[in-house]
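Participant: sequence unknown, structure follows:
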């Protein structure tokens, strides 16, 4: 899954992906191990008379399975930003759904402002009254570095225009 509209003539390309430390098979092994260990421990407690541990262990495993399923659904999510001639192309893949945005390079502005969550900033491109957020998968330091790089990339084209 790469940018579909981006060809060889791209001047700048940035792809931001989630940090997936485990593959799908690795997640299945970890979840299966946790389920087996929890089941063994809860059965041992039930054998010694504390049978009420079983439903709570089952509920815990159900919540854990839902959490792992949610991680699996979003494992392939990513964002891409490409600068190609006079266009800035932004694509966001979220659970297989693609959102594409195109901005004019001369009008695009890089905006970095504080989010409602303390200690977190929002990186966005602004043009003609609309703002497109980029970098939800980036760390705070990466967002600041990308903002500087994008400003420089947008400025490079403006300087060569004159």
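Facilitator: Done, it's in. Since this is a predicted model, take the numbers as computed values, not measurements.
Participant: and the helix-or-strand element of the chain with minimal mean pLDDT, what does it pack against?
Facilitator: Using mean pLDDT, DSSP states H and E, helix 140-161 stands out as the lowest-scoring helix or strand of the chain, at a mean of 78. Judged by 3 or more C-beta pairs under 8 Å, 6 or more residues apart in numbering; DSSP states H and E, the packing partners of helix 140-161 are strand 12-17, strand 78-84, strand 109-114, strand 121-127. The way it works is simple: take the backbone N, C-alpha and C, and place the C-beta from them, glycine included.
Participant: point out where this structure drops to low pLDDT.
Facilitator: 1-9, 157-162 (pLDDT under 70).
Participant: for it, which helix is longest?
Facilitator: If you go by DSSP state H, the chain has its longest helix at helix 24-47.
Participant: residues of that one that come out buried?
Facilitator: By 16 or more other C-beta atoms under 10 Å, the buried positions in helix 24-47 come out as 27, 31, 35, 38, 42.
Participant: ramachandran coordinates for the residue nearest to the second one when sequence neighbours are not counted?
Facilitator: Taking C-beta to C-beta, 6 or more residues apart in numbering as the measure, residue 31 lies nearest to residue 68, with 5.0 Å between them; neighbours along the chain are not counted. The phi/psi pair for residue 68 (degrees, to the nearest 10) reads phi -60, psi -40.
Participant: does residue 68 touch residue 24 like I think?
Facilitator: No: counting by C-beta atoms under 8 Å, residue 68 stays clear of residue 24, with 10.1 Å between them.
Participant: still on that earlier bit, show me what the longest helix of the chain packs onto, helices and strands only.
Facilitator: Going by 3+ C-beta pairs under 8 Å, 6+ apart, helix 24-47 lies up against helix 53-73.
Participant: buried set for the helix it packs on?
Facilitator: In helix 53-73, counting by 16+ other C-beta under 10 Å, buried: 53, 57, 61, 68.
Participant: over to stretch 145-155?
Facilitator: 146-147, 150, 153-154.
Participant: what's the farthest-apart pair in those?
Facilitator: 146 and 154 (12.2 Å; C-beta to C-beta).
Participant: in contact with residue 126, which residues?
Facilitator: Residue 126 makes contact with 108-111, 132, according to C-beta atoms under 8 Å, 6 or more residues apart in numbering.
Participant: the longest helix of the chain vs helix 53-73, what angle?
Facilitator: 170 degrees (axes from the mean of the first three to the mean of the last three C-alpha atoms, to 10 degrees).
Participant: where does residue 93 land in three-state SS?
Facilitator: strand (DSSP: H, G, I helix; E, B strand; the rest coil).
Participant: many thanks, have a good one.
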